[in-house]
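Asks: Sequence and computational prediction follow.
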Amino acid sequence: MRVSLTERITSRIVLILLILFTLVPFVALLSVALSPANTLPSGISFLRELHWENFATAFELANFPTLMLSSATLVVIVVPLVVLGATMAAYGLTWLRVPLAGVIFVLFLAGLTIPTESLITPLYLTMQGLGLTNTPWSVALPLAALQMPFGIFWMRSHFLGMPAELEEAAQLDGSGPFRTFWQVQLPLARPAISTMVILSFLWTWNHFILTLVMIDDPSKRTVGGALAGFQGAHATDVVMLCAAALLMMIPTLLVFVIFQRQFSAALLQGSVKS
(Lines give C-alpha, C1' and ligand atoms only; values in the text may rest on other atoms or scores of the structure.)
Protein backbone atom coordinates (compact mmCIF):
# COMPACT_ATOMS: atom_id res chain seq x y z
CA MET A 1 0.00 0.00 0.00
CA ARG A 2 1.53 3.27 -1.14
CA VAL A 3 1.05 6.45 0.85
CA SER A 4 1.59 9.81 -0.80
CA LEU A 5 3.86 12.48 0.65
CA THR A 6 0.87 14.71 1.39
CA GLU A 7 -0.83 11.97 3.40
CA ARG A 8 2.35 11.32 5.35
CA ILE A 9 2.79 14.99 6.23
CA THR A 10 -0.89 15.37 7.14
CA SER A 11 -0.85 12.29 9.36
CA ARG A 12 2.30 13.53 11.15
CA ILE A 13 0.76 16.94 11.75
CA VAL A 14 -2.46 15.43 13.11
CA LEU A 15 -0.47 13.08 15.35
CA ILE A 16 1.65 15.95 16.72
CA LEU A 17 -1.47 18.02 17.40
CA LEU A 18 -3.08 15.12 19.25
CA ILE A 19 0.06 14.61 21.33
CA LEU A 20 0.17 18.30 22.23
CA PHE A 21 -3.56 18.26 23.03
CA THR A 22 -2.93 15.36 25.43
CA LEU A 23 0.22 16.70 27.07
CA VAL A 24 -0.81 20.33 27.63
CA PRO A 25 -3.10 19.56 30.62
CA PHE A 26 -0.32 17.55 32.33
CA VAL A 27 2.20 20.34 31.69
CA ALA A 28 -0.26 22.87 33.10
CA LEU A 29 -0.78 20.76 36.23
CA LEU A 30 2.97 20.37 36.71
CA SER A 31 3.51 24.09 36.22
CA VAL A 32 0.98 24.98 38.92
CA ALA A 33 2.20 22.22 41.27
CA LEU A 34 5.75 23.61 41.17
CA SER A 35 4.64 27.16 41.95
CA PRO A 36 4.99 28.74 45.43
CA ALA A 37 2.42 27.47 47.92
CA ASN A 38 -0.71 29.51 48.67
CA THR A 39 -0.53 31.34 45.35
CA LEU A 40 -2.86 31.48 42.38
CA PRO A 41 -0.75 30.90 39.23
CA SER A 42 -2.14 31.90 35.85
CA GLY A 43 -1.10 30.16 32.66
CA ILE A 44 1.81 27.80 32.10
CA SER A 45 5.02 29.23 33.48
CA PHE A 46 7.98 27.49 35.10
CA LEU A 47 9.74 29.81 37.53
CA ARG A 48 13.46 29.81 38.15
CA GLU A 49 12.86 28.25 41.59
CA LEU A 50 10.79 25.07 41.34
CA HIS A 51 9.05 24.02 44.55
CA TRP A 52 9.32 20.23 44.44
CA GLU A 53 8.57 20.15 48.15
CA ASN A 54 4.91 20.79 47.29
CA PHE A 55 4.54 17.11 46.40
CA ALA A 56 5.83 16.03 49.81
CA THR A 57 3.53 18.53 51.51
CA ALA A 58 0.50 17.39 49.52
CA PHE A 59 1.38 13.74 50.23
CA GLU A 60 1.40 14.48 53.95
CA LEU A 61 -1.62 16.79 54.09
CA ALA A 62 -3.85 14.41 52.16
CA ASN A 63 -2.73 11.40 54.25
CA PHE A 64 -1.97 9.57 51.01
CA PRO A 65 -0.56 6.32 52.52
CA THR A 66 -3.84 5.57 54.33
CA LEU A 67 -6.01 6.64 51.42
CA MET A 68 -3.91 4.65 48.94
CA LEU A 69 -4.42 1.59 51.11
CA SER A 70 -8.18 2.17 51.02
CA SER A 71 -8.10 2.60 47.24
CA ALA A 72 -5.93 -0.51 46.84
CA THR A 73 -8.41 -2.49 48.95
CA LEU A 74 -11.24 -1.45 46.64
CA VAL A 75 -9.20 -2.37 43.58
CA VAL A 76 -8.39 -5.82 44.98
CA ILE A 77 -12.10 -6.46 45.57
CA VAL A 78 -13.69 -4.81 42.52
CA VAL A 79 -11.34 -5.73 39.66
CA PRO A 80 -11.40 -9.53 40.17
CA LEU A 81 -15.19 -9.47 40.66
CA VAL A 82 -15.73 -7.49 37.47
CA VAL A 83 -13.25 -9.43 35.34
CA LEU A 84 -14.38 -12.88 36.47
CA GLY A 85 -18.10 -12.10 36.46
CA ALA A 86 -18.07 -10.26 33.12
CA THR A 87 -15.92 -12.91 31.40
CA MET A 88 -18.05 -15.83 32.55
CA ALA A 89 -21.31 -14.04 31.77
CA ALA A 90 -20.11 -12.99 28.32
CA TYR A 91 -18.93 -16.50 27.51
CA GLY A 92 -22.27 -17.94 28.59
CA LEU A 93 -24.26 -15.42 26.54
CA THR A 94 -22.08 -16.04 23.49
CA TRP A 95 -21.47 -19.80 23.33
CA LEU A 96 -23.85 -21.51 25.74
CA ARG A 97 -27.51 -22.04 24.97
CA VAL A 98 -28.87 -19.60 27.52
CA PRO A 99 -32.63 -18.99 27.23
CA LEU A 100 -33.41 -15.42 26.14
CA ALA A 101 -29.69 -14.63 25.88
CA GLY A 102 -30.39 -11.69 23.56
CA VAL A 103 -32.90 -10.16 25.97
CA ILE A 104 -30.51 -10.59 28.90
CA PHE A 105 -27.72 -8.90 26.95
CA VAL A 106 -29.99 -5.96 26.07
CA LEU A 107 -30.85 -5.58 29.76
CA PHE A 108 -27.15 -5.43 30.57
CA LEU A 109 -26.67 -2.81 27.85
CA ALA A 110 -29.48 -0.79 29.39
CA GLY A 111 -27.35 -0.58 32.53
CA LEU A 112 -24.85 1.53 30.58
CA THR A 113 -27.46 4.25 30.12
CA ILE A 114 -28.24 4.73 33.83
CA PRO A 115 -26.34 7.66 35.43
CA THR A 116 -24.49 6.73 38.60
CA GLU A 117 -25.80 9.83 40.38
CA SER A 118 -29.41 8.65 40.02
CA LEU A 119 -28.56 5.46 41.92
CA ILE A 120 -26.82 7.06 44.89
CA THR A 121 -29.89 7.23 47.16
CA PRO A 122 -31.21 3.68 46.59
CA LEU A 123 -27.69 2.27 46.83
CA TYR A 124 -27.11 4.05 50.14
CA LEU A 125 -30.43 2.82 51.56
CA THR A 126 -29.62 -0.73 50.41
CA MET A 127 -26.12 -0.72 51.94
CA GLN A 128 -27.52 0.83 55.13
CA GLY A 129 -30.16 -1.89 55.34
CA LEU A 130 -27.45 -4.54 54.96
CA GLY A 131 -25.33 -2.88 57.64
CA LEU A 132 -22.42 -2.36 55.21
CA THR A 133 -22.05 1.42 55.35
CA ASN A 134 -18.65 2.72 56.48
CA THR A 135 -17.04 -0.46 55.13
CA PRO A 136 -15.17 -1.07 51.84
CA TRP A 137 -17.95 -3.44 50.74
CA SER A 138 -20.48 -0.57 50.62
CA VAL A 139 -18.39 0.95 47.82
CA ALA A 140 -16.93 -2.19 46.22
CA LEU A 141 -20.20 -4.04 45.56
CA PRO A 142 -21.99 -1.13 43.85
CA LEU A 143 -18.85 -0.31 41.84
CA ALA A 144 -18.57 -3.90 40.63
CA ALA A 145 -22.24 -3.90 39.63
CA LEU A 146 -21.90 -0.57 37.81
CA GLN A 147 -18.89 -1.78 35.83
CA MET A 148 -20.38 -5.16 34.97
CA PRO A 149 -22.52 -4.05 31.95
CA PHE A 150 -19.54 -2.62 30.08
CA GLY A 151 -17.41 -5.61 31.06
CA ILE A 152 -19.97 -8.03 29.60
CA PHE A 153 -20.28 -5.93 26.44
CA TRP A 154 -16.48 -5.80 26.02
CA MET A 155 -15.83 -9.49 26.63
CA ARG A 156 -18.81 -10.58 24.51
CA SER A 157 -17.34 -8.62 21.60
CA HIS A 158 -14.13 -10.61 22.04
CA PHE A 159 -15.85 -14.01 22.20
CA LEU A 160 -17.90 -13.19 19.10
CA GLY A 161 -14.64 -12.76 17.22
CA MET A 162 -13.44 -16.24 18.12
CA PRO A 163 -13.96 -18.97 15.49
CA ALA A 164 -16.68 -21.51 16.20
CA GLU A 165 -14.22 -24.29 15.32
CA LEU A 166 -12.56 -23.80 18.72
CA GLU A 167 -15.76 -24.72 20.55
CA GLU A 168 -16.46 -27.61 18.20
CA ALA A 169 -12.95 -29.02 18.57
CA ALA A 170 -13.15 -28.76 22.36
CA GLN A 171 -16.51 -30.57 22.40
CA LEU A 172 -15.16 -33.34 20.15
CA ASP A 173 -12.25 -33.69 22.56
CA GLY A 174 -14.73 -34.31 25.37
CA SER A 175 -14.36 -30.95 27.11
CA GLY A 176 -17.32 -29.57 29.01
CA PRO A 177 -18.30 -25.87 29.08
CA PHE A 178 -16.16 -25.05 32.12
CA ARG A 179 -13.05 -26.80 30.80
CA THR A 180 -13.49 -25.19 27.38
CA PHE A 181 -13.88 -21.79 28.98
CA TRP A 182 -10.92 -22.21 31.34
CA GLN A 183 -8.41 -23.98 29.10
CA VAL A 184 -9.33 -22.82 25.58
CA GLN A 185 -11.14 -19.48 25.57
CA LEU A 186 -9.61 -17.81 28.61
CA PRO A 187 -5.96 -17.99 27.46
CA LEU A 188 -6.96 -16.50 24.10
CA ALA A 189 -8.82 -13.69 25.87
CA ARG A 190 -5.77 -12.33 27.71
CA PRO A 191 -5.52 -9.08 25.68
CA ALA A 192 -9.21 -8.31 26.20
CA ILE A 193 -8.99 -9.24 29.88
CA SER A 194 -5.89 -7.06 30.34
CA THR A 195 -7.78 -4.11 28.86
CA MET A 196 -10.70 -4.80 31.18
CA VAL A 197 -8.29 -4.89 34.14
CA ILE A 198 -6.87 -1.49 33.16
CA LEU A 199 -10.28 0.12 32.70
CA SER A 200 -11.70 -1.36 35.88
CA PHE A 201 -8.62 -0.24 37.82
CA LEU A 202 -8.92 3.32 36.48
CA TRP A 203 -12.63 3.56 37.23
CA THR A 204 -12.19 2.15 40.72
CA TRP A 205 -9.08 4.15 41.63
CA ASN A 206 -10.51 7.49 40.44
CA HIS A 207 -14.04 7.02 41.77
CA PHE A 208 -15.03 9.14 44.74
CA ILE A 209 -18.80 9.84 44.70
CA LEU A 210 -19.82 6.53 46.30
CA THR A 211 -16.92 6.80 48.73
CA LEU A 212 -18.04 10.23 49.94
CA VAL A 213 -21.61 8.99 50.41
CA MET A 214 -21.03 5.54 51.88
CA ILE A 215 -18.09 6.25 54.20
CA ASP A 216 -18.34 8.94 56.87
CA ASP A 217 -14.78 8.70 58.18
CA PRO A 218 -12.48 10.80 55.90
CA SER A 219 -9.48 8.66 56.85
CA LYS A 220 -11.18 5.59 55.32
CA ARG A 221 -11.98 7.19 51.99
CA THR A 222 -10.07 6.77 48.74
CA VAL A 223 -7.41 8.83 46.98
CA GLY A 224 -10.05 10.40 44.74
CA GLY A 225 -11.81 11.79 47.79
CA ALA A 226 -8.54 13.23 49.07
CA LEU A 227 -8.68 15.98 46.45
CA ALA A 228 -11.78 17.38 48.13
CA GLY A 229 -9.65 17.96 51.25
CA PHE A 230 -7.91 20.85 49.52
CA GLN A 231 -11.19 22.62 48.84
CA GLY A 232 -12.48 24.69 51.73
CA ALA A 233 -15.68 26.64 52.15
CA HIS A 234 -14.14 29.90 50.94
CA ALA A 235 -10.88 29.02 49.19
CA THR A 236 -9.07 26.31 47.30
CA ASP A 237 -5.34 25.64 47.56
CA VAL A 238 -4.76 25.30 43.82
CA VAL A 239 -1.06 24.49 44.10
CA MET A 240 -1.57 21.61 46.54
CA LEU A 241 -4.62 20.43 44.61
CA CYS A 242 -2.55 20.09 41.42
CA ALA A 243 0.31 18.39 43.28
CA ALA A 244 -2.11 15.89 44.82
CA ALA A 245 -3.76 15.27 41.43
CA LEU A 246 -0.38 14.41 39.89
CA LEU A 247 0.43 12.07 42.79
CA MET A 248 -2.94 10.40 42.27
CA MET A 249 -2.10 9.74 38.60
CA ILE A 250 1.12 7.83 39.28
CA PRO A 251 -0.45 4.40 40.02
CA THR A 252 -2.74 4.62 36.98
CA LEU A 253 0.20 5.50 34.72
CA LEU A 254 2.20 2.57 36.09
CA VAL A 255 -0.67 0.15 35.44
CA PHE A 256 -1.04 1.41 31.88
CA VAL A 257 2.71 1.11 31.22
CA ILE A 258 2.70 -2.48 32.50
CA PHE A 259 -0.29 -3.55 30.40
CA GLN A 260 0.18 -1.30 27.35
CA ARG A 261 1.07 -4.16 24.99
CA GLN A 262 -2.01 -6.16 25.95
CA PHE A 263 -4.12 -3.01 25.74
CA SER A 264 -2.93 -2.30 22.19
CA ALA A 265 -3.40 -5.94 21.19
CA ALA A 266 -7.00 -5.93 22.43
CA LEU A 267 -7.83 -2.74 20.53
CA LEU A 268 -6.35 -4.13 17.32
CA GLN A 269 -7.90 -7.57 17.75
CA GLY A 270 -10.15 -8.40 14.84
CA SER A 271 -8.92 -5.51 12.68
CA VAL A 272 -6.70 -7.91 10.72
CA LYS A 273 -7.91 -11.36 9.75
CA SER A 274 -5.58 -14.11 8.66
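Replies: Sure thing, it's come through.
Asks: any low-confidence regions in this structure?
Replies: Applying pLDDT under 70 to the chain flags residues 1-3, 47, 225-236, 262-274.
Asks: those helices in it, which residues are they?
Replies: 5-33, 53-61, 64-95, 101-110, 120-129, 137-160, 164-172, 177-180, 186-188, 190-206, 209-214, 223-226, 238-268 (DSSP state H).
Asks: Point out the most buried one among the ones you listed.
Replies: The highest mean neighbour count among those, using mean count of other CB atoms under 10 Å, belongs to helix 223-226: a mean of 24. Where you see a C-beta, it was placed from the backbone N, CA and C, and this is true even at glycine.
Asks: okay, which residue is most central for the protein?
Replies: Leu202 (2.4 Å; CA atoms, centre = their mean).
Asks: That one and Gln260, how far apart?
Replies: For Leu202, the distance to Gln260 equals 13 Å [CB to CB, to the nearest Å].
Asks: Leaving out the residues flanking it, which one is nearest to the residue nearest to the centre of the chain?
Replies: Thr252 (5.6 Å; CB to CB, 6 or more residues apart in numbering).
Asks: Confirm for me that the one you found is in contact with Asn206.
Replies: Yes - assessed by CB atoms under 8 Å, Thr252 is found in contact with Asn206 at 7.3 Å.
Asks: Let me have the helices of the chain in TSV, extended by distance to Pro41.
Replies: What follows is the helices of the chain, written out as TSV (distance: least, CB to CB, whole Å):
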stretch	distance to Pro41
helix 5-33	5
helix 53-61	12
helix 64-95	23
helix 101-110	44
helix 120-129	34
helix 137-160	34
helix 164-172	57
helix 177-180	58
helix 186-188	50
helix 190-206	24
helix 209-214	28
helix 223-226	21
helix 238-268	7
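Asks: Of all those, which one comes closest to Thr39?
Replies: Evaluated over those, closeness to Thr39 peaks at helix 238-268, with 6.3 Å, by CB to CB.
Asks: Please list all residues in contact with Val255.
Replies: 198, 201-202 (CB atoms under 8 Å, 6 or more residues apart in numbering).
Asks: meant to ask about Phe55
Replies: Contacts of Phe55 (CB under 8 Å, 6+ apart): 33, 243, 246-247.
Asks: Columns distance to Thr133 on top of these, output as a markdown table?
Replies: Below are those laid out as a markdown table (distance: CB to CB, whole Å):
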| residue | distance to Thr133 |
| --- | --- |
| Ala33 | 35 |
| Ala243 | 31 |
| Leu246 | 32 |
| Leu247 | 28 |
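Asks: Looking at the residues you listed, spot the one nearest Gly131.
Replies: Using CB to CB, Leu247 comes nearest to Gly131 of the contacts of Phe55, at 33.9 Å.
Asks: Okay, the closest one and Thr66: tell me how far apart.
Replies: Distance from Leu247 to Thr66, by CB to CB: 14 Å.
Asks: do the same with Thr57
Replies: In terms of CB to CB, Thr57 sits 16 Å off from Thr66.
Asks: Could you double-check that Tyr63 sits in contact with Asp217?
Replies: Careful, residue 63 is Asn and not Tyr. No - using CB under 8 Å, Asn63 makes no contact with Asp217, being 11.6 Å away.
Asks: Of those two, which one has the most company?
Replies: Higher neighbour count among Asn63 and Asp217: Asn63, with 15 against 8, using other CB atoms under 10 Å.
Asks: Need the phi and psi values for the more buried one.
Replies: Asn63 adopts backbone torsions of phi 60, psi 50, taken as degrees, to the nearest 10.
Asks: Nearest residue to it in space, please, no chain neighbours.
Replies: Spatial nearest neighbour of Asn63, excluding adjacent residues (CB to CB, 6+ apart): Ser219 at 6.5 Å.
Asks: Same question for Gln147.
Replies: Gln147 sits nearest to Val82 (CB to CB, 6+ apart), 4.7 Å away.
Asks: related to what we said a few turns ago, return the closest of the contacts of Phe55 with respect to Arg12.
Replies: Nearest to Arg12 among the contacts of Phe55: Leu246, at 29.4 Å, using CB to CB.
Asks: All good on my end, thank you.
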